[in-house]
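Novice: make a model of this:
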Amino acid sequence: MIIAMSFVFLEDIAFVANVNNFTVFVTFIVINAVLISLRYKKPQIARPFRVPISLGKLAVLPVLGILFNLLMLIQLETRVMAIGLGLGGLGALAALISMRYIKSDDPQRKGE
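Specialist: As a prediction, this is how the structure comes out:
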């Protein structure tokens with residue numbers, strides 16, 4: 001929250017919006033990649049929906065989603081991508097730290 005509030009002082013709302021765009025594009029790329037991956041790694045899982053347009057096991061729409069998000073991603077400035085990667089790294093680090101030190105009631109985590 002404090003990091004987000006600090007962007008107010010940049011006075012360049014386009015830059016802040018583009019950093020947000022970077023994170024959205026990366027998020028959609030990861031979501032589509034996971035969808036493709038799960039089709040191959042865990043085909044037996046019951047799924048509440050089916051992605052239309054497939055070539056065999058390969059769902060075409062997630063592949064197109066990855067390609068179009070990559071096209072939009074490369075349109076961003078290098079500075080925007082660097083800040084986005086840095087903030088993403090900070091978020092990943094915070095998640096790892098919180099998973100390490102916050103106790104969970106999940107029985108699968110009992111031995112960690």
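
Novice: where does the protein have low pLDDT?
Specialist: Along the chain, segments meeting pLDDT under 70 span 1, 3-4, 7-8, 10-11, 103-112.

Novice: next, the contact list for the one residue sitting closest to the centre of it, please.
Specialist: By Cα atoms, centre = their mean, the chain has its centre lying nearest to residue 27, at 2.5 Å. Not one residue lies near residue 27 by Cβ atoms under 8 Å, 6 or more residues apart in numbering. Using the backbone N, CA and C atoms, a C-beta is placed for each residue, glycine as well.

Novice: and it, which helix or strand is it part of?
Specialist: Using DSSP states H and E, residue 27 sits within helix 13-41.

Novice: now do the contacts for the spatially closest residue to residue 66 that is not a sequence neighbour.
Specialist: Using Cβ to Cβ, 6 or more residues apart in numbering and skipping the chain neighbours, the partner closest in space to residue 66 is residue 32 (4.8 Å). Neighbouring residues of residue 32 by Cβ under 8 Å, 6+ apart: 62, 63, 65, 66, 69.
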